[in-house]
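K.L.:
A structural model of the following input is requested.
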Amino acid sequence: MLAIGCSKSSDLNEADDNYKKWTKLGITDYEFTLRVNCFCTVETVGPHKIVVKKNAIVTVNGKPYDPNTHVSVKTIEQLFVYIQKTIAEKPVQQTLAFDPQYYFPTNIYFDISEMIADEEIGYVITEFKRL
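P.N.:
Residues are numbered from 1 along each chain as shown. Predicted coordinates for the structure are as follows:
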């Protein structure tokens, strides 16, 4: 895994580079486990076993995906969008790591503001498998 902790512009460049490599692979059907690290409910935190087909979530933990119930889950594409958007907010702390084979983010962490307690959020992606 590649961990990044340098300047924000280099983080954005690294995220963009990995996104381009991920996109070039053309992976649209996959599954993975997502854990959300936040001060949230157990239902939000997971772990969530997510199945994606044609770049859309179809099941979460073996049940049909419902965007109203499964608000914390994201596709790999959505995680890349989240990274780009959040880096633009200039967080005070961030950590990014990417899979060396498939280039998707494996570890995402952002602390947007030192002045706000409990708004930190992280995502850990494990058990990735192409379908």
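
K.L.:
which residues of the chain fall in strands?
P.N.:
For the chain, applying DSSP state E gives strands covering 2-4, 30-37, 48-53, 56-60, 63-64, 93-98, 105-111, 121-130.

K.L.:
what's the residue nearest to the spatial centre of the chain in contact with, if anything?
P.N.:
By C-alpha atoms, centre = their mean, the chain has its centre lying nearest to Leu79, at 3.8 Å. Residues counted as contacts of Leu79 (C-beta atoms under 8 Å, 6 or more residues apart in numbering) are 104-105, 108, 123, 125. No exception for glycine: its C-beta is placed from N, CA and C like everyone else's.

K.L.:
Between these, which sits nearest Asn37?
P.N.:
Tyr123 (7.2 Å; C-beta to C-beta).

K.L.:
Any idea what the closest one is bridged to?
P.N.:
Val36, Ile108 (DSSP bridges).

K.L.:
Lowest average pLDDT across the strands of the chain?
P.N.:
When those are ranked by mean pLDDT, strand 2-4 comes last with a mean of 40.

K.L.:
one step back: so which of the strands of the chain gets nearest Ser72?
P.N.:
The nearest among the strands of the chain, by C-beta to C-beta, is strand 30-37 at 4.9 Å.

K.L.:
which residues are contacting that closest one?
P.N.:
Residues outside strand 30-37 that contact it (C-beta under 8 Å, 6+ apart) are 44-52, 72-74, 76, 104, 109, 120-131.

K.L.:
mind checking how far the residue nearest to the centre of the chain is from Phe128?
P.N.:
Leu79 sits 12 Å away from Phe128, going by C-beta to C-beta, to the nearest Å.

K.L.:
again, but for Tyr103
P.N.:
Tyr103 is 11 Å from Phe128, by C-beta to C-beta.

K.L.:
what are the C-alpha coordinates of the biggest helix by length in the chain, in CSV please?
P.N.:
In the chain, assigned by DSSP state H, the helix with the most residues is helix 8-25. Taking C-alpha atoms only, helix 8-25 is exported to CSV below (Å, rounded to 0.1, in the frame of the first residue of the first chain):
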residue,chain,number,x,y,z
LYS,A,8,-2.5,18.7,-0.1
SER,A,9,-1.8,19.4,-3.7
SER,A,10,0.5,16.3,-3.9
ASP,A,11,-2.3,14.3,-2.2
LEU,A,12,-4.7,15.5,-4.8
ASN,A,13,-2.3,14.6,-7.6
GLU,A,14,-1.7,11.2,-6.1
ALA,A,15,-5.4,10.6,-5.8
ASP,A,16,-6.0,11.8,-9.4
ASP,A,17,-3.2,9.5,-10.7
ASN,A,18,-4.6,6.5,-8.9
TYR,A,19,-8.1,7.3,-10.1
LYS,A,20,-6.9,7.4,-13.7
LYS,A,21,-5.2,4.1,-13.2
TRP,A,22,-8.3,2.6,-11.6
THR,A,23,-10.5,3.9,-14.4
LYS,A,24,-8.1,2.5,-17.1
LEU,A,25,-8.6,-1.0,-15.6
